[in-house]
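>>> Provide a 3D model corresponding to the input given below.
(2 chains)
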Amino acid sequence: MRGFFKSGNPYIWLTACALTITILMMGGLVALIMMNGLSVFWPHNIIKFALKDGSVVMGEMVKREPIPFKKDAYRTKLKIGNRDVYGLDFRWIENVDIEFREYPAHALTFERREWGNMYGFLKGIKQNDDVLPLTVENLISLLEENHSLVERIRYIEKSVIGDINFKMEKYRLALKRLTSEEPSPKVHKKIEFLHAKMENLEKTYREKEHVLAELYSGVMRKEIVVLLASDEEKIVPLFQVIRVYAPNEMGALSKLGFYTKKFWEFLSEEPREANTEGGIFPAIFGTVMMVFLMSIAVVPLGVLTAVYLKEYAGDTIIARIIRISVSNLAGIPSIVFGIFGLGFFIYLIGGGIDKLFFSETLPAPTFGTGGILWASLTLALLTVPVVVVATEEGLSAVPKSLREGSFALGATKFETIWKIVLPHATPGILTGIILAIARAAGEVAPLMLTGVVKLAPSLPIDSHFPYIHLERKFMHLGFHIYDVGFQSPNIEAAIPMVYTTTFVLLLIILVLNTTAIIIRNKLRKWYSAASL
Amino acid sequence: MEKEKIKVPEPIVNIIDLSLYYGKTKALKEINLDISKKKITSFIGPSGCGKSTLIRCLNRMNDLVENVRIEGTVKIDDQDIYAPAVDVTELRRRVGMVFQKPNPFPKSIYENVIYGPRIQGIKKRSILDEICEKTLRKAALWDEVKDRIHVSALDLSGGQQQRICIARAMAMEPEIILLDEPCSALDPIATAKIEDMLVELKMDYTVIIVTHNMQQAARISDYTGFFMLGELVEFNTTPEIFTNPSEKKTEDYITGRFG
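From the prediction side, this is the model:
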């Protein structure tokens, strides 16, 4: 027995077990996210149950499980959709209640702008008071026509009217500034000029509004009639329908094509329906941009701090205390950083900037409210200890012989650090950045105080001067997960979206990290032989 | 015991009563020594005798070590290098140094060679190119590396790396080159190449070399100093030291009775 312990084998087994447990937990987590997240966009078949009480239900099968304490009894969770008719999205049905089940070939899934999916059969299109028959192919071509109209409406609403509003706001502020100045003929002339411009804008605005109203009435006019499983008829405005498909008639290949298309939509479009449907593009954009801004802020701050601590501060007691404090900073709850960001960056600095440069918009704040810049800076503060510690380690790993070589050639300490030591420590610095990115991309709590919102009206980068709007609020995948999962009105329907969003967030962190790791390994190869 | 200082022709370095303390330990004890211009002077002695410490005094590399105190005077060209007004970086440009282990920077060969001139503020590419070629030719490395001067210096062999380090020191056009056991990490062939190079260098530079290898000292140097326990036991022309040492300790050491 003693020999067995002495051989060291039990310890090897212990380490192997620890590794296995870690891998299983991580793998299980990722598998759970992927399984639940990736199946969301698959067009599930529509099943129809005729129940013993004479009613009929139709929908997607979500889950089937045995009923506890009852032998051979199962219940099925059915997504029945049609929230506007039934009030609920889901219904549990016990096996004993089912008379018979079938997969009706012509059953259609209607994806709608509001109220979630509708499952039913197409009856026809409404014209005056009659219902004319309509094939699915015709409906699809009608939908396409409609979509181009909707796109145009969107364009006018977002770009054209957005432009007008932007200019209008600019003139309004200029006017406000002028009226506070000393009245003089010159000022008066300027004011008149502005008024004329604003009037012009007003005119175009009214024109566009007219165009919009016409477009809207055109889009809204068409209505289709859908026959539900319960033989009820439901009138649905064509405008509400985004897509229609018959999953029971689709083959595996066309389902795959449909899946890809929907996934792409998810990645590239804006959310609808209180974030529970549509895409997550603004959140992806916000997350990535915030991580970049955070890196831009944290790298110089962390690296310079580490250089001073390591190279110039020496090993005094104060330096040691600072070093320990910096490491401990990493243990402060992130919400505390959020509160600090709110108080310091937003109220103090942001408020100060507003008073100095944006006084004409006050009391409405410009920088004195949450925004992507403040959120990034708060996260930079949160992650600076990681970068400092990693950089210090990188600096310690620079061989003494290299420093001496540089000094012996007449380089000053600064030149040596700048030309020899820092380049050599770059892999260490990059390790710090990798850790910082991983931490920052997953952080939510401080963002909620410093500028993340449920739905941002516009991205922080757009076509209006100065193109990058660091004061704007933004969306973030982490917050999106929280919001969709816990704050949406229809949580059960949103759960799959939570998984998918989590999956995308993991993917983004993976991509960001992999890029940094590849760069680091390339650099490491270049410097590796130096420590021989 | 007061030793008589050996007169050397054209002394460029005068070491007068130099003592050095690491904390409380006295590592060098009242060294008096003159070093002749454009000659090779070698320092030999057992490990820990202070020979490396002494040459590190000549370009003030000991400044980088904590708790070092120096007494006495070191003059180069009759200028006290420990005077407060001396610019250390300027001194190190005049007194180049090569270390025991080859320590090329993780940069290309070209960047290694022009590191010094670049730090001096030479920016023009054509001048730097010229310096690089001239130095590598002088170091007899040009033919070996001319096709790959933009490859990492770390890809070279140990001997080549050390010669790059010597070339790097030469690119500064120093008056004196200090070598701290430059061949101790190299094989005999690489060592021979470096020795040939040093003999060539004597034409233009004053060379001071610390070595553990007595044959090396005998082969290449004009003057030899023997150190023990921080003291300069004997200093004389190399033939004199090796054939007719005046001190018993020197004789014991070079005949291999200890050390």
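>>> Tell me how many other residues surround A:Phe345.
Neighbour count of A:Phe345, defined by other Cβ atoms under 10 Å in any protein chain shown: 24. No exception for glycine: its C-beta is placed from N, CA and C like everyone else's.
>>> My guess is it contacts A:Ser376. True?
No. Applying Cβ atoms under 8 Å as the test, A:Phe345 and A:Ser376 come out as separate, 9.8 Å apart.
>>> Any stretches of the chain with poor pLDDT?
Using chain A here. By pLDDT under 70, the weakly predicted segments of chain A are A:361, A:527-532.
>>> ah, I was thinking of chain B
Looking at chain B by pLDDT under 70, you get B:1-5, B:258-259.
>>> So which bits of it are right by chain A?
B:59, B:61, B:64, B:89-90, B:92-93, B:96-99, B:101, B:103-106, B:115-116, B:119-120, B:152, B:154-155, B:165, B:168-169, B:172 (Cβ under 8 Å from any Cβ of the partner chain).
>>> Which ones among the residues you listed lie within strands?
B:96-98 (DSSP state E).
>>> before we move on, back to that, from the residues of chain B next to chain A, which land in helices?
B:89-90, B:92-93, B:115-116, B:119, B:165, B:168-169 (DSSP state H).
>>> Phi, psi for the residue of the stretch 1-150 of chain A found nearest chain B please.
Going by Cβ to the nearest Cβ, chain B is nearest to A:Leu19 of the stretch 1-150 of chain A, at 34.0 Å. When quoted as degrees, to the nearest 10, the phi and psi of A:Leu19 stand at phi -60, psi -40.
>>> same check, this time on B:Glu30
According to degrees, to the nearest 10, B:Glu30 has phi 40, psi 70.
>>> So it sits against B:Ile15, correct?
No. Using Cβ under 8 Å, B:Glu30 makes no contact with B:Ile15, being 10.0 Å away.
>>> Pull up the overlap in contacts between these two.
Jointly contacting B:Glu30 and B:Ile15 under the rule Cβ atoms under 8 Å, 6 or more residues apart in numbering or on different chains are B:Gly72.
>>> More neighbours: those two, which one.
For B:Glu30 versus B:Ile15, the count of surrounding residues by other Cβ under 10 Å is larger for B:Ile15: 23 against 17.
>>> How is the more buried one assigned, secondary-structure-wise?
Secondary structure, DSSP: H, G, I helix; E, B strand; the rest coil: B:Ile15 is strand.
>>> Tell me how far it lies from B:Val74.
Applying Cβ to Cβ, to the nearest Å, the value for B:Ile15 to B:Val74 is 5 Å.
>>> can you list residues touching both of the two?
With Cβ under 8 Å, 6+ apart as the test, B:Ile15 and B:Val74 both reach B:Cys57.
>>> Please list all residues in contact with A:Tyr74.
A:64-67, A:94-95.
>>> of those residues, closest to A:Leu24?
The nearest member of the contacts of A:Tyr74 to A:Leu24, counting by Cβ to Cβ, is A:Glu65 at 24.1 Å.
>>> For the closest one, give me the backbone phi and psi.
Torsion angles, degrees, to the nearest 10, at A:Glu65: phi -150, psi 150.
>>> how about the helices of chain B, start to end?
Going by DSSP H, chain B shows helices at B:51-58, B:88-94, B:109-113, B:115-119, B:125-138, B:142-145, B:158-170, B:188-201, B:214-220, B:238-243, B:248-254.
>>> Against B:Phe99, how distant is the residue nearest to the spatial centre of chain B?
For chain B, the residue sitting closest to the mean C-alpha position, by Cα atoms, centre = their mean, is B:Leu178 at 1.6 Å. To B:Phe99, B:Leu178 is 9 Å away according to Cβ to Cβ.
>>> likewise A:Ser268?
58 Å.
>>> These two: which is more packed in?
B:Phe99 (21 against 11).
>>> my read: that one touches A:Leu402, true?
No. Applying Cβ under 8 Å, one finds B:Phe99 not in contact with A:Leu402, separated by 10.1 Å.
>>> Quick check, B:Ile44 in contact with B:His212.
Yes. Counting by Cβ under 8 Å, B:His212 is a contact partner of B:Ile44 at 7.5 Å.
>>> With neighbour numbers in mind, choose between the two.
Legend: neighbour count by other Cβ under 10 Å for B:Ile44 and B:His212, higher for B:Ile44 (28 against 16).
>>> Who is the more buried one paired with across the strands?
B:Phe226 (DSSP bridges).
>>> what about A:Ala16, how many neighbours?
A:Ala16 has 10 nearby residues by other Cβ under 10 Å.
>>> ok, now A:Asn82?
26.
>>> And it, its phi and psi?
phi 50, psi 50.
>>> Please name the residues that touch it.
A:115-120, A:228, A:234.
>>> Cross those residues against strands and list the overlap.
A:118-120, A:234.
>>> Adding distance to A:Glu249 and neighbour count, write those out as JSON lines.
Shown next, in JSON lines, are the ones in strands among the contacts of A:Asn82 (distance: Cβ to Cβ, whole Å; neighbours: other Cβ atoms under 10 Å in any protein chain shown):
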{"residue": "A:Met118", "distance to A:Glu249": "17", "neighbour count": "23"}
{"residue": "A:Tyr119", "distance to A:Glu249": "14", "neighbour count": "25"}
{"residue": "A:Gly120", "distance to A:Glu249": "15", "neighbour count": "25"}
{"residue": "A:Lys234", "distance to A:Glu249": "22", "neighbour count": "16"}
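>>> Need the residues you listed in CSV (columns: distance to chain B).
What follows is those, written out as CSV (distance: Cβ to the nearest Cβ, whole Å):
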residue, distance to chain B
A:Met118, 65
A:Tyr119, 65
A:Gly120, 70
A:Lys234, 72
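>>> and the two most separated of the residues you listed?
A:Tyr119 and A:Lys234 (10.9 Å).
>>> Overlap in contacts, these two.
Going by Cβ under 8 Å, 6+ apart, residues that sit against A:Tyr119 and also against A:Lys234 are A:82, A:228.
>>> Tell me the one of the ones in helices among the residues of chain B next to chain A nearest A:Met35?
For these, the nearest to A:Met35 is B:Tyr115 (56.8 Å; Cβ to Cβ).
>>> Can you report how many residues neighbour the closest one?
24.
>>> which residue packs closest to it, ignoring adjacent ones?
A:Leu409 (5.7 Å; Cβ to Cβ, 6 or more residues apart in numbering or on different chains).
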